[in-house]
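Quick one, structure for this:
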Amino acid sequence: MNIRAIAGASALVIVVAIAAAALIGPRQGMSATDGNLPRVISVSGTGEVNTRPDMARVSTGVVTEAATAKEALAKNNTAMAAVIAALKDAGVAEDDIQTSNFSVSPKYPPYQPNQTTARRIVGYTVSNQVTAAVKNLKKLGAILDTLVQAGSNQIHGVSFDVDEPKPLLDEARKKAVADARAKAELYAAAAGVSLGRVVQISESSSVMPPQPMYRMAAAPAAAESVPIAAGQQTLTSNVSITYEIQ
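Just a heads-up that it's a prediction; the model follows:
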């Protein structure tokens, strides 16, 4: 290739490079348009309120087995009717008792490694469970005893809650906003600027379940009420706030 051809090729490369630069534009962070970016401070704040739960939800039920599905269901219906009646007699309102699970499943003999024939059904299992809202925690231990005595052979757990969480969540929200404002003022003072108006607020809130969480399996009826530890409930609000910089 002669000198004239090399010069022509070099000129072409330069033209292509200039055209590419024009298409890409100035790199971010280095252009004069940076002065058009909004002058804002964005912060997040957290507010928490701790309280003692004032209600509990009990998951309880009956599991029955029999040679036929019809027989297992009949036994289960009788036992569950007694369990629900015991809940109502203990002061749990009918509207606070809700069926949470119902199932009918076949039973098979234990698996044999060298078995060549199909496994045959040897019986049926019926499970019926309800969730009951207990709004008087002083009665909770006695209710658990009553359920076992009434025939419940499955109590899957007790979860605690706050019946009316909104006032407590509102308090947590105020604390979250105050926390965000304090952070924004700190950053503004450190940067030598002043805060302007709020331009955006976003929020997320949650209710953390208390610990410990009481669980029990079927057990013989006890002479005394089941001991209950309700713990504390934590209600949390998280906010993100954007302020203008003056």
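
quick one: the longest helix along the chain to chain centroid distance?
In the chain, taking DSSP state H as the definition, the longest helix is helix 166-191. Centroid separation between helix 166-191 and its chain, computed with CA atoms, centre = their mean, to the nearest Å, is 24 Å.

In it, which residues are buried?
Of the residues in helix 166-191, 168-169, 171-173, 175-177, 179-181, 184, 187-188 count as buried by neighbour count, 16 or more other CB atoms under 10 Å. For the C-beta atoms, the positions are set from N, CA and C on the backbone; glycine is no exception.

Let's have those in a markdown table, adding pLDDT.
Converted to a markdown table, the buried residues of helix 166-191 look like this (pLDDT from 0 to 100):
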| residue | pLDDT |
| --- | --- |
| Leu168 | 95 |
| Leu169 | 94 |
| Glu171 | 96 |
| Ala172 | 96 |
| Arg173 | 96 |
| Lys175 | 97 |
| Ala176 | 97 |
| Val177 | 97 |
| Asp179 | 98 |
| Ala180 | 97 |
| Arg181 | 97 |
| Ala184 | 97 |
| Tyr187 | 96 |
| Ala188 | 96 |
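
biggest separation within those, which pair?
Maximum pairwise distance in the buried residues of helix 166-191, criterion CB to CB, is 30.8 Å, between Leu168 and Ala188.

circling back: whichever helix or strand comes after the longest helix of the chain pairs with which strands, parallel or anti?
For helix 166-191, the succeeding helix or strand toward the C-terminus, using DSSP states H and E, is strand 195-208. Counting by DSSP bridges, the strands paired with strand 195-208 are strand 233-245 (antiparallel).

coming back round to it: make TSV from the buried residues of helix 166-191 and add distance to Pro113 to it.
As requested, the buried residues of helix 166-191 are arranged in TSV below (distance: CB to CB, whole Å):
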residue	distance to Pro113
Leu168	58
Leu169	57
Glu171	62
Ala172	58
Arg173	61
Lys175	62
Ala176	60
Val177	65
Asp179	63
Ala180	64
Arg181	69
Ala184	69
Tyr187	69
Ala188	73
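
So what's the residue count around Ser152?
Number of residues near Ser152 (other CB atoms under 10 Å) recorded here: 25.

Can you give me the separation between it and Thr51?
From Ser152 across to Thr51, the span is 30 Å (CB to CB, to the nearest Å).

Which neighbouring residues are in contact with Ala176, exactly?
Ala176 makes contact with 45-47, 203, 237-239, according to CB atoms under 8 Å, 6 or more residues apart in numbering.

Out of these, which end up buried?
By 16+ other CB under 10 Å, these give 45, 47, 237-239 as buried.

Relative to Ser44, how far out is Leu168?
Counting by CB to CB, the separation of Leu168 from Ser44 is 20 Å.

Actually, Val122.
Plainly put, Val122 is 59 Å away from Ser44 if you go by CB to CB.

Could you do Thr116 as well?
Thr116 is 65 Å from Ser44, by CB to CB.

Could you do Lys75 as well?
56 Å.

Same check on Lys70?
60 Å.

and what of Phe102?
44 Å.

repeat for Pro109
Pro109 is 59 Å from Ser44, by CB to CB.
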